[in-house]
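Enquirer: Model the structure of this input:
(2 chains)
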Protein chains: 2
Amino acid sequence: MTEKLNMTTENILAIYEKLKDLSHNDLKSDEITFLLLDLYKECMTFINRSKIKALNSFIPNKEYFCFEWQNKKSRAINKELFIKEVEVIKTFKESFINMNYKNNDPQLINNAIYSIAISFCAIIDLIKNGDQKTPGTYFEYLIGHLYAKRMNINPRKRVEVLNLDKKATLPTDYIIDLGGNKAKFHLPIKTSTRERVIQVWAHQRVLDGVYGAGRFIGILTCLSETKTSAKNNQVVDICLPDQWLIYQLFIAQMKRIYYLDIPQKYKELNNSSPKIIVKQFGEFFSEADLLTV
Amino acid sequence: MTEKLNMTTENILAIYEKLKDLSHNDLKSDEITFLLLDLYKECMTFINRSKIKALNSFIPNKEYFCFEWQNKKSRAINKELFIKEVEVIKTFKESFINMNYKNNDPQLINNAIYSIAISFCAIIDLIKNGDQKTPGTYFEYLIGHLYAKRMNINPRKRVEVLNLDKKATLPTDYIIDLGGNKAKFHLPIKTSTRERVIQVWAHQRVLDGVYGAGRFIGILTCLSETKTSAKNNQVVDICLPDQWLIYQLFIAQMKRIYYLDIPQKYKELNNSSPKIIVKQFGEFFSEADLLTV
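Expert: Below you'll find the model as predicted:
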C-alpha cells in the first residue's frame, strides 16, 4: 500500500510540474481545466487511503478535520465545504468546460473549487516538510485559471510604469486587461493573508498612482485563514478586520475580497462603515459582469 | 571545549531573554547599553573558538566570511566592517554611554554597531535551525535602543487611529514622538528587506493618511541584503532599486534609509531622480538633529 501511495505521490508531483509548464503558455485553456481535474483525482486516490482525524474547532458553526500520513498532519479542512468527488467533478466540468455558471448554485461551485484547492495543499503538507511555496503557487494557478476562463483573457504578471528617463516594468500579481477603454483587473491570490496582506493594498495603491484611480479593479482571492495548533489540534482563524478597514481608508480601495472558506469576522465587514465587500468566491462567476459597472 | 561552548550558548540565550524583558520597560536606559555589550562579549567568546571560512564574494569591493560550528554555517559577514573587539567596546561606550558622537568617526560607530549586530545574528544561525525571528527581534531591540538613546525618548509600538465610531489603535514599528508641535519618527527596522519592503512604504502611507503628510518622518534601518548560496558559498546582494523608486513616487516618502552594510545599488539612489537618501547608519548620530529641519 505504501508503494502504491508513493506512485500516486509521484504522479501528483508530475502533473503539478506539467501544470506549471502549461500555465505560462495559455492559462485559460481547457487543457488546464482537465489537468486540474486529473491532479484532483490523483489527490483523491491518495486521500482515500489516508486517515482522517477530527480537529477541535474553535470557529463557531464550522467543523474541521485533517488527513494523517506517516505521523504528519495536513492543514485543517472545512467539513461542510469538502464535498464528494463525483459532485466536485460534475460541478467543475459544468462550470468550467461547459461554462454554465447560471444553472449551478454559487455555493456548489465554491465548494467544488474549495475541494480541488485544499486536497492538493493538504497532500503537500503530508509529503513535503514545511513547503509553503508549492501550495501557494498551485493555488495561484488554479484561481488564475478560473478568472482567465471566466473573462476569456489570459492574465499577465507585469505592468509598464511611466518613467520619464527610461522604460520600467513592475512585477505584479495577475493582471487581466479587458482591452481598450475597458476595465483592468488586479488579482492578488493568497492561500492565507495574515500581516502580509498590507502588500495587497500597497500594490493597488501603486497601480492607482501610476494609471489613475479606478483604472484597475482590485480583487483579492484567498483560500482560508485557519491555523491549527500542532499541540492540541485546535483550529482557530486569525483575522485583522480593524487593520483591513484602515488599509481600505488610507491606502487604496479593494473592490472585492473573495474567500473559499470565508471567516465570519471578515464577512461582518460587509456591514461596517466604510464597508469592504467580502464574499464567497463561488459568487464571482455570476456577478463577474457587474464588477466593471 | 564543546562543554565550554555550550555554557557560552546558554549565557547568550539567557542575556538575550533579559534584554527582551528589560526592553519593554525602558529601552533607552544605560542598563540596556551594558546588557548589549555583555551579550556581544559573550558572543565573541563563542566566535573566538569557532572556525572562520572565507566566502566567494560576488559583490564588488567587498569581502565576506562566515563562522562554522558543527557543520553549520553562519550568515555572511563583511570583513571590513567586522572590527576588533576592543575597538567595538571602546567606540560603543564612548558613543552610547558618554554620548559623545562628535569625536567619533561615523564609520567607526557604524562598524561597532555592525559588529555587535552581526555577531549575535551569526551565532543564532549556528545554534538554532532556520530561526529568522530571534535575529530580527534582537536587531530591532539593538537599533531601537540606539535611536531611543540618541533622541532620549522611549519609543512605542502603537498609534491611535481616528475612527468616527470607536477607539482604534494600529500596531506599528517603533514610533518616537519628540512631543507637542515637534516631529514624530516612524522607525521600521529589518535585518534585510527583499520583496516585503513594500510594507514599510505602506505603513508610512497609513501614518501620512491618518495624521497628514509630513507629521511622521519615515526612517528605515537595515543590516544588509547579502544572500549566501549554501551550495557554492557565493555571496550576492539582492536589491530592487527600481521598485523602491516606484514606492517612493506612488506610495509615500521615506526620509532616510540607513544600512550597516550598505549595498552599492541602493547607494546609487542618492543620485537618481527622484532620489532616495540611503546612508550608512553610523551617519545618523551626527545628522539626527538636522532630520526634523
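
Enquirer: only C-alpha atoms for contact and neighbour calcs from this point on.
Expert: Noted.

Enquirer: where does chain A come near chain B, residue by residue?
Expert: With C-alpha under 8 Å from any C-alpha of the partner chain as the criterion, chain A meets chain B at residues A:168, A:170, A:196, A:198-199, A:202, A:205-206, A:209-210, A:242-243, A:246-247, A:250-251.

Enquirer: which among those gets closest to A:F46?
Expert: Checking these against A:F46 with C-alpha to C-alpha, the nearest one is A:R196 at 32.2 Å.

Enquirer: how many neighbours does the closest one have?
Expert: Applying the criterion other C-alpha atoms under 10 Å in any protein chain shown, we find 11 residues in the vicinity of A:R196.

Enquirer: What of A:N78?
Expert: With neighbours defined by other C-alpha under 10 Å, the count for A:N78 comes to 21.

Enquirer: contacting residues for it?
Expert: Residues in contact with A:N78 (C-alpha atoms under 8 Å, 6 or more residues apart in numbering or on different chains) are A:62-65, A:261.

Enquirer: Narrow those residues to those in helices?
Expert: The members of the contacts of A:N78 all map outside helices under DSSP state H.

Enquirer: Can you add neighbour count and pLDDT and give the residues you listed back as a markdown table?
Expert: Formatted as a markdown table, these follow (neighbours: other C-alpha atoms under 10 Å in any protein chain shown; pLDDT from 0 to 100):
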| residue | neighbour count | pLDDT |
| --- | --- | --- |
| A:K62 | 14 | 97 |
| A:E63 | 18 | 97 |
| A:Y64 | 23 | 98 |
| A:F65 | 20 | 97 |
| A:D261 | 22 | 98 |
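
Enquirer: So which of these sit within strands?
Expert: Secondary structure from DSSP state E places A:64-65 of the contacts of A:N78 in strands.

Enquirer: Report the spatially nearest residue to A:D173, omitting neighbours in sequence.
Expert: Excluding its sequence neighbours, the residue lying closest to A:D173 (C-alpha to C-alpha, 6 or more residues apart in numbering or on different chains) is A:P188, at 5.1 Å.

Enquirer: surely that neighbour meets A:A202?
Expert: No. Counting by C-alpha atoms under 8 Å, A:P188 stays clear of A:A202, with 11.4 Å between them.

Enquirer: Could I get the full set of helices for the stretch 1-150 of chain A?
Expert: Using DSSP state H, counting those that start in this stretch, the helices of the stretch 1-150 of chain A run over residues A:2-23, A:30-47, A:85-96, A:106-127, A:133-151.

Enquirer: got JSON lines for the contacts of A:N78, with distance to A:T8 too?
Expert: Formatted as JSON lines, the contacts of A:N78 follow (distance: C-alpha to C-alpha, whole Å):
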{"residue": "A:K62", "distance to A:T8": "31"}
{"residue": "A:E63", "distance to A:T8": "28"}
{"residue": "A:Y64", "distance to A:T8": "25"}
{"residue": "A:F65", "distance to A:T8": "22"}
{"residue": "A:D261", "distance to A:T8": "27"}
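
Enquirer: Of all pairs in the contacts of A:N78, which one is the farthest apart?
Expert: So, the contacts of A:N78 by C-alpha to C-alpha: farthest apart are A:F65 and A:D261, at 13.9 Å.

Enquirer: Where does pLDDT dip in chain A?
Expert: Within chain A, the ranges that satisfy pLDDT under 70 run A:1-2, A:162-166.

Enquirer: ok, back up a step: redo the helices of the stretch 1-150 of chain A as JSON lines? Include mean neighbour count.
Expert: Listed next are those as JSON lines, based on neighbours: other C-alpha atoms under 10 Å in any protein chain shown:
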{"stretch": "helix A:2-23", "mean neighbour count": "15"}
{"stretch": "helix A:30-47", "mean neighbour count": "19"}
{"stretch": "helix A:85-96", "mean neighbour count": "18"}
{"stretch": "helix A:106-127", "mean neighbour count": "23"}
{"stretch": "helix A:133-151", "mean neighbour count": "20"}
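
Enquirer: would JSON lines of these with distance to B:Y147 be doable?
Expert: As requested, the helices of the stretch 1-150 of chain A are exported to JSON lines (distance: least, C-alpha to C-alpha, whole Å):
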{"stretch": "helix A:2-23", "distance to B:Y147": "47"}
{"stretch": "helix A:30-47", "distance to B:Y147": "53"}
{"stretch": "helix A:85-96", "distance to B:Y147": "57"}
{"stretch": "helix A:106-127", "distance to B:Y147": "42"}
{"stretch": "helix A:133-151", "distance to B:Y147": "36"}
